[in-house]
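**Q** model this:
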Amino acid sequence: MGTLLFWREEAPVPDLVLWDVDHTLMATRGLGGELWARAFEHVTGVVLREQASVTGSTERVILRETARLHDTPYSDDLFVRFADELGTLHVRRAAELRERGHALPGAALLLAALEERGVRQSVVTGNVRQAAETKLAAFGLDNYMRLDVGAFAEDGEGRPELLRAALKRAAVGPQSAVFLGDTPADVAGGLEVGVRVVAVATGRTPASDLRAAGAHLVLDDLSDTDRALAAIGA
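**A** Below is the predicted model:
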């Protein structure tokens, strides 16, 4: 706790807080994978046998690598069609998403607390935009987000590229932003761009690995609003 208070005193309140989506703010409890497989089959005509690693990656990269595993040609047009199909499936299954998935403990309270403090918030996510928007709306988190300054799978391949896109749209420098995510890729992307990284051990990566990756601070979860606000600097 002393480390959190020290940083809060030394660093200014951020102008922008950027959030990863899956496993940082919410869990879809398997439905996301089901929709991904259906979208893949719809646009390629190939039944999904194996999906490339998804942890910390983006839909563009996952699609390209998964297509390679199935000896299926990849192109930008394939990604555009896949993104449209995946987004449409999320919209159609939004009610099921609400039933099966959930916002992670403390997420809504923390977003509300940042909103009350006047801090702009958005997302930097490997999800395609329509899927991300549907997920956020399903769990009542969209009202806190300025999605016009966010970045999505359509904006690039890796976290650094997406973070730079979000910062440009928000017209803020990296020193004025904080990024929260749950994977080493989130941490590495934030460090490369120069934003402060608060990692959350609510995904598949343990807190010790997130610290080893170089996160400035690591939270076990978002359930302690005051502690999370201190970590963010708000």
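**Q** pretty sure L35 sits in a strand.
**A** No: counting by DSSP: H, G, I helix; E, B strand; the rest coil, L35 is not part of a strand but helix.
**Q** which helix in this protein has the most residues?
**A** helix 76-92 (DSSP state H).
**Q** list the contacts of the helix or strand following it.
**A** Next along the chain after helix 76-92, taking DSSP states H and E as the criterion, comes helix 94-100. For helix 94-100, the external contacting residues (C-beta atoms under 8 Å, 6 or more residues apart in numbering) are T28, R29, G30, L31, H90, T134, K135, A137, A138, F139. Yep, even glycine has a C-beta here, placed from its N, CA and C like the rest.
**Q** buried residues in helix 94-100?
**A** Neighbour-count burial for helix 94-100, counted by 16 or more other C-beta atoms under 10 Å, picks out L97, R100.
**Q** distance of T88 from A39?
**A** Separation of T88 from A39 (C-beta to C-beta, to the nearest Å): 8 Å.
**Q** okay, now the unreliable bits of this protein?
**A** Counting by pLDDT under 70, the chain contains low-confidence residues at 1-11.
**Q** quick one, helices of it?
**A** Listed in chain order, the helices of the chain (DSSP H) span 2-10, 31-44, 59-69, 76-92, 94-100, 107-116, 129-138, 159-170, 184-193, 207-212, 225-232.
**Q** how about the nearest residue to the one residue sitting closest to the centre of the chain, chain neighbours excluded?
**A** Centroid-nearest residue in the chain: D20, 2.1 Å away (criterion: C-alpha atoms, centre = their mean). Ranked by C-beta to C-beta, 6 or more residues apart in numbering and with sequence neighbours excluded, the top spatial neighbour of D20 is G181, at 3.7 Å.
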